[in-house]
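K.L.:
what follows is a predicted protein model with its sequence.
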Amino acid sequence: MNAVEIEQAVTDLTEQPFDPVEFPYAFLAAFGNKETTLKRLRTGATNKSDVGGVLQANNIHILTCAPGQVRQALATLRGSQATAKAKAKFILATDGVDFEAEDLASGETVACAYKGFPDHFGFFLALAGISTVRQISENAFDIRATSRLNRLYVELLKDNPEWGQGERRQDMNKFMARLIFCFFAEDTGIFAGKGRFTETVGTMSARDSSNTHEVIATLFRAMNTKREDRAGGGIPRWADEFPYVNGRLFSGSDEVPRFSKIARSYLLHVGGLDWTKINPDIFGSMIQAITEDDERGELGMHYTSVPNILKVLNPLFLDDLRARLEDAGDNPRTLLNLRKRIARIRVFDPACGSGNFLVIAYKEMRAIEAEINKRRGEPDRASDIPLTNFRGIELRDFPAEIARLALVIAEYQCDVLYRGQKLALAEFLPLSSENWIVCGNALRLDWLSICPSTGACVKMQADDLFGTPLDQAEIDFENEGGETYICGNPPFKGARKQTLAQKSDMALVFGGGNDYKDCDYVVAWYIKASEYSNVRATDFAFVSTNSISRGEQVEHLWSRLYRNGESILFGHTQFRWANNAKLNAGVWCVIIGVTRDKAKRRRIFDGETVREVASISPYLIAGNEDYIRQAAGALATQLPKLVSGNMARDGGNLILESDEKESLLKEAPNARPLLRPLIGTTEIRQGTRRWCIWVEDDDVGFAMSIEPIRKRIEATRDFRLRSKAPTTIGYSRIPHRFAQRCHIESSSIVLPKNTVDGIPYLTPDFVSSNTITTDLAFVTFTDEEWVLAILSSTLHRIWAEAISGGLGAGIRYSSLLTYNGFPLPVLTEKNKADLTRCAEDILLARERHFPATIAELYDAEKMPDDLRAAHERNDEVLERIYIGRRFKNDTERLEKLFDLYTKMTASAGPAKGAKRKAGGKA
């Protein structure tokens with residue numbers, strides 16, 4: 001269940017008569033517990049309560065009680081031995097009148113009337129497995145409003161299906177935006193009388209809903225008609241009290257979808273909420289999910305959290321404004337200059353969605369301006385910060401509409417907060433008819449035409465609030481010569497997940513070449529922002545996937561940005577996305593700020609730690625503004641060549657599971673010499689083996705004489721001939737062989753191509769000369785055990801994490817980048833001997849725990865002490881080779897490795913380029 005569905009279920013529960021016996025089970029059902037789970041609780045099979053309540057282990061202990069006994073009941077739950085033993089996260093007590101609950105981990109509590117506990121449903125979202133940022137718990141209104149609007153939206157489409165298709169869908173979205181404005185306006189005093197819009201619809205429309213659409217259309221028409229024009233405009237007296245809104249919000253068609261009785265009821269329920277609690281920075285992103293079919297399953301979670309937004313905006317420019325405010329003290333002239341500066345700042349989000357970055361930027365700047373006015377003795381002064389200085393581009397219609405509306409609401413709320421409601425109301429209406437949120441493809445639009453670097457002489461006027469003629473996208477800035485900051489959270493989309501249209505966008509932005517084909521979609525926004533900065537130097541920062549600061553993408557992006565004079569202003573190292581861990585568990589992000597100003601301070605944010613450094617590398621560590629280049633051979637010439645394993649491209653015909661191998665040998669025992677053990681990443685990790693048919697050219701006749709082998713070879717030929725790839729078809733000439741072979745009859749070290757999140761070491765292994773490595777692992781044909789010690793070290797794992805491509809927080813190892821680029825000092829024979837002993841200790845420690853697998857042995861929390869000690873000894877020996885002692889931390893390790901890489905590449909001269917596909921590209 002998503003948060004909106006949970007909110008609705010909780011609300012439905014409170015609308016039913018209170019049943020003290022059934023309440024605990026109904027409450028758990030509202031948070032997604034299945035009937036089978038509840039049945040086991042009812043029968044006592046899993047209910048471990050020792051106080052007569054309902055206790056779900058690792059979740060919650062619930063107790064209903066006699067009237068007036070709620071506080072005592074909560075104390076009973078808190079003191080219950082069963083509560084502690086079952087590791088309950090929450091305790092909850094209610095008598096159907098009062099309601100109290102406590103989060104036992106944080107100590108936070110809820111105490112309210114029973115009917116009001118749906119307002120606090122976010123407090124309990126962990127019960128549904130939803131780990132969420134604090135805002136969603138504290139701003140339950142936004143989810144409740146989204147829930148009600150979603151039910152209304154779905155119900156309206158039942159009776160007006162055409163409104164959900166084609167051009168009419170935009171009409172439906174516009175209708176929803178108008179409703180949102182009306183609900184907000186009627187509760188904040190913008191309309192005369194609280195709840196006046198909802199009340200008028202309820203009074204003037206028939207209970208059977210037959211004329212509900214006509215009543216709403218009349219109200220919309222009134223709000224689009226000036227006072228002096230109403231007498232001749234046919235506006236009835238009951239609608240005349242509504243103000244002229246302008247802003248083109250109600251211009252264009254006033255057609256309204258028809259309402260059923262249920263839809264009318266939903267509308268009245270939505271209007272009954274307290275819309276003064278709306279948070280435009282959160283609500284806007286959630287409401288857009290209502291109209292997006294593929295996002296509705298994540299209702300209530302689809303937004304960028306305020307803390308994440310501030311990770312972008314604070315170091316980009318807000319921290320500097322606050323510092324200047326601190327420096328200004330109470331000096332009126334300095335404060336005035338700062339206020340003028342703020343009024344000229346433009347914030348541009350070229351992937352703005354429903355405007356949350358722009359709204360937060362606006363609200364934070366208004367807070368700074370309000371403090372300036374307070375210090376200057378001008379607390380009621382009107383804001384100098386124009387909404388038109390907050391520009392955006394959004395691909396989809398409805399989010400663009402909501403972004404404009406969210407900014408309008410934010411402006412009004414700030415006016416109320418800093419100037420009082422009377423002054424806010426006096427200046428709110430009529431709205432301006434300028435439109436500054438453009439709907440279009442940001443990668444195909446000219447950003448300078450939407451957010452000019454200086455003021456433009458053309459004011460753009462649209463047919464209505466949401467229409468945006470792109471050939472008239474320039475709007476005059478109210479102040480010339482100000483700063484522009486570009487920011488946002490563009491779509492990530494990895495290279496393999498992009499649509500054809502998105503690949504075309506990338507080709508256009510990159511302007512030729514093929515390297516864009518390996519880049520995430522978000523990279524294009526960095527390049528467009530850098531091009532924008534060519535006209536006027538502009539700092540920019542985006543939330544991005546961590547993969548753009550790892551692997552091949554680093555070179556593709558920064559070869560261009562460095563050429564344009566850019567450098568990294570600040571970076572947030574990788575962090576897990578915080579909106580909803582259950583839905584976004586695999587999403588790891590970085591934030592990179594970029595500037596051309598060499599004088600600005602550079603900062604690296606790593607969780608709660610902030611470091612000021614001289615310069616930042618594209619891998620988001622302190623270091624040279626350079627990147628690791630692919631190389632055909634190892635930078636450390638003592639390292640043997642590492643290549644990708646053997647690629648079958650056989651349709652599975654030359655590869656056998658263990659049971660298939662045994663069956664084949666039963667049928668044809670003489671086939672045994674043609675079968676070899678097969679190993680790849682999964683087999684290394686799980687300690688398993690598959691088998692393969694391995695036929696040398698001289699043995700083809702013998703192989704074809706064995707019936708089950710012959711069938712598999714012929715099936716391989718057929719598979720390759722059916723392929724659409726010319727290279728695969730070519731391999732049909734040698735159906736007895738793997739398509740690409742690198743095997744040498746020698747013992748070898750195999751290394752997984754991919755690692756999982758959290759593994760403390762890479763896990764290379766030795767295999768015999770008889771073992772075939774698949775192309776899902778790397779292999780080096782050597783019996784030098786010291787090589788395994790290098791690959792197994794913390795130093796190499798830290799290097800691989802920084803340099804390799806990524807799978808979430810895991811590693812997608814690259815032979816050309818990670819291995820060939822690894823900086824290793826020249827090893828003496830004694831160094832090699834010491835490392836060889838370390839490698840032997842690691843392998844012996846693994847053997848002592850047979851049959852435990854690599855996956856089991858290298859679980860960070862369960863790693864055997866002797867194996868961990870063997871790795872610690874290995875790390876100490878290797879790190880003393882580098883600096884004569886152990887490194888203090890991973891930061892020092894990386895900085896040393898990058899420094900050594902720079903020195904080694906400089907002394908080696910210009911690197912020879914590697915072919916794109918050579919040696920097993922990661």
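P.N.:
Yes, it's here. On a predicted model such as this, the values are computed, not experimentally measured, just so you know.
K.L.:
measure Phe781 to Lys517 for me?
P.N.:
Shown here: Phe781 relative to Lys517, a distance of 31 Å by Cβ to Cβ, to the nearest Å. Where C-beta positions appear, they are placed from N, C-alpha and C, glycine not excepted.
K.L.:
of the two, who's got more company?
P.N.:
Phe781 (18 against 14; other Cβ atoms under 10 Å).
K.L.:
any figure for the gap between that one and Ser747?
P.N.:
8 Å.
K.L.:
pLDDT-wise, which helix or strand of this protein ranks last?
P.N.:
Sorting the helices and strands of the chain by mean pLDDT, DSSP states H and E puts helix 134-138 at the bottom, at a mean of 49.
K.L.:
so for whatever helix or strand Leu751 lives in, what gets flagged as buried?
P.N.:
Element membership of Leu751, judged by DSSP states H and E, is strand 748-752. For strand 748-752, burial by neighbour count (16 or more other Cβ atoms under 10 Å) applies to Ser748, Ile749, Val750, Leu751, Pro752.
K.L.:
strand partners (parallel or antiparallel) of whichever helix or strand comes after it?
P.N.:
Moving toward the C-terminus from strand 748-752, the next helix or strand (DSSP H and E) is strand 765-767. Taking DSSP bridges as the criterion, strand 765-767 forms sheet pairs with strand 748-752 (antiparallel).
K.L.:
what average pLDDT does the strand it pairs with get?
P.N.:
Here strand 748-752 scores 95 as its mean pLDDT.
K.L.:
likewise for stretch 399-416?
P.N.:
On average, stretch 399-416 scores 88.
K.L.:
could you list the paired strands of the strand of greatest length in the chain along with their orientation?
P.N.:
Across the chain, the longest stretch assigned as strand under DSSP state E is strand 567-576. Sheet pairing of strand 567-576 (DSSP bridges) gives strand 588-595 (antiparallel), strand 602-606 (parallel).
K.L.:
for it, buried residues please.
P.N.:
Ser567, Ile568, Leu569, Phe570, Gly571, His572, Thr573, Gln574, Phe575, Arg576.
K.L.:
OK, contacts around Arg611?
P.N.:
Arg603, Ile604, Ala622 (Cβ atoms under 8 Å, 6 or more residues apart in numbering).
K.L.:
okay, the angle between the helix or strand harbouring it and strand 567-576?
P.N.:
For Arg611, the host element (DSSP H and E) is strand 609-613. Interaxial angle, strand 609-613 versus strand 567-576 (axes from the mean of the first three to the mean of the last three Cα atoms, to 10 degrees): 160 degrees.
K.L.:
for the record, mean pLDDT for strand 609-613?
P.N.:
Rounded mean pLDDT across strand 609-613 is 94.
K.L.:
what of stretch 246-261?
P.N.:
87.
K.L.:
can you give me the end-to-end distance of that stretch?
P.N.:
31 Å (Cα to Cα, to the nearest Å).
K.L.:
mind listing what's buried in it?
P.N.:
In stretch 246-261, counting by 16+ other Cβ under 10 Å, buried: Asn246, Gly247, Arg248, Leu249, Phe250, Ser251, Gly252, Asp254, Val256, Pro257, Phe259, Ser260.
K.L.:
closest to Gln72 among those residues?
P.N.:
Taking Cβ to Cβ as the measure, Ser260 is the one of the buried residues of stretch 246-261 closest to Gln72, at 47.4 Å.
K.L.:
what's the following helix or strand after the strand or helix carrying Thr37?
P.N.:
In the assignment (DSSP H and E), Thr37 maps to helix 35-42. Moving toward the C-terminus from helix 35-42, the next helix or strand (DSSP H and E) is strand 54-56.
K.L.:
outside of that following strand itself, list whatever touches it.
P.N.:
So strand 54-56 is contacted by 24-25, 28, 33, 41, 46-49, 61-63, 82-83, 86, 88 (Cβ under 8 Å, 6+ apart).
K.L.:
6 Å - rerun?
P.N.:
Pro24, Leu41, Asn47, Lys48, Ser49, His61, Ile62, Ala82, Ala86 (Cβ atoms under 6 Å, 6 or more residues apart in numbering).
K.L.:
leaving out the residues flanking it, which one is nearest to the fifth one?
P.N.:
Spelled out, it's Ser49. Leu55 (3.9 Å; Cβ to Cβ, 6 or more residues apart in numbering).
K.L.:
please apply the same query to the last one.
P.N.:
Setting aside the residues directly before and after it, Ala86 is nearest to Ala57 in space (Cβ to Cβ, 6+ apart), at 4.2 Å.
K.L.:
quick one: low-confidence ranges for the stretch 451-600 of the chain?
P.N.:
With pLDDT under 70 as the threshold, the stretch 451-600 of the chain has low-confidence stretches at 454-481, 577-586.
K.L.:
show me where it has strands.
P.N.:
484-488, 539-545, 567-576, 588-595 (DSSP state E, counting those that start in this stretch).
K.L.:
of those, which approaches Val270 most closely?
P.N.:
Closest among the strands of the stretch 451-600 of the chain, using Cβ to Cβ: strand 484-488, at 30.1 Å.
K.L.:
quick one: list the elements packing against that closest one.
P.N.:
strand 346-349, strand 539-545 (3 or more Cβ pairs under 6 Å, 6 or more residues apart in numbering; DSSP states H and E).
K.L.:
what about stretch 56-64, start to end distance?
P.N.:
Note: stretch 56-64 ends 15 Å apart using Cα to Cα.
K.L.:
ok so, going back, export the strands paired with strand 567-576 to TSV and tack on distance to Trp238 and mean neighbour count?
P.N.:
Output for the strands paired with strand 567-576, formatted as TSV (distance: least, Cβ to Cβ, whole Å; neighbours: other Cβ atoms under 10 Å):
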stretch	distance to Trp238	mean neighbour count
strand 588-595	52	23
strand 602-606	57	19
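K.L.:
can you redo the ones you listed as JSON lines with distance to Arg376?
P.N.:
As requested, the strands paired with strand 567-576 are exported to JSON lines (distance: least, Cβ to Cβ, whole Å):
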{"stretch": "strand 588-595", "distance to Arg376": "31"}
{"stretch": "strand 602-606", "distance to Arg376": "31"}
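K.L.:
Cys692 is nearest to which of the ones you listed?
P.N.:
Per Cβ to Cβ, nearest to Cys692 of those: strand 588-595, 35.1 Å.
K.L.:
identify all contacting residues around that closest one.
P.N.:
Against strand 588-595 from outside (Cβ under 6 Å, 6+ apart): 311-312, 315-316, 539-541, 543-544, 546, 549, 566, 569-572, 574, 576-577, 808-809.
K.L.:
check which helices and strands the one helix or strand Lys311 maps to sits against.
P.N.:
Assigned by DSSP H and E, Lys311 belongs to helix 306-313. On a contact count with 3+ Cβ pairs under 6 Å, 6+ apart, helix 306-313 meets helix 356-375.
K.L.:
report the angle between the helix it packs on and strand 539-545.
P.N.:
140 degrees.
K.L.:
what helices and strands are in contact with the helix or strand following helix 356-375?
P.N.:
For helix 356-375, the succeeding helix or strand toward the C-terminus, using DSSP H and E, is strand 390-394. For strand 390-394, the elements it packs on are strand 346-349, helix 356-375, strand 437-439, judged by 3+ Cβ pairs under 6 Å, 6+ apart.
K.L.:
what sits against Arg689?
P.N.:
Neighbours of Arg689 in contact, by Cβ under 6 Å, 6+ apart: Pro677, Glu683.
K.L.:
may I have the phi/psi pair for it?
P.N.:
phi -140, psi 140 (degrees, to the nearest 10).
K.L.:
what do you get for the one 3 residues further on?
P.N.:
In terms of degrees, to the nearest 10, the main-chain angles of Cys692 are phi -140, psi 150.
K.L.:
I figured it hits Glu657, correct?
P.N.:
No. Cys692 lies out of contact with Glu657 (Cβ atoms under 6 Å); the separation is 10.9 Å.
K.L.:
who's more crowded, the two?
P.N.:
Legend: neighbour count by other Cβ under 10 Å for Cys692 and Glu657, higher for Cys692 (22 against 13).
K.L.:
wait, what's in contact with that one?
P.N.:
So Cys692 contacts Leu654, Ile655, Arg676, Leu678, Ile772 (Cβ under 6 Å, 6+ apart).
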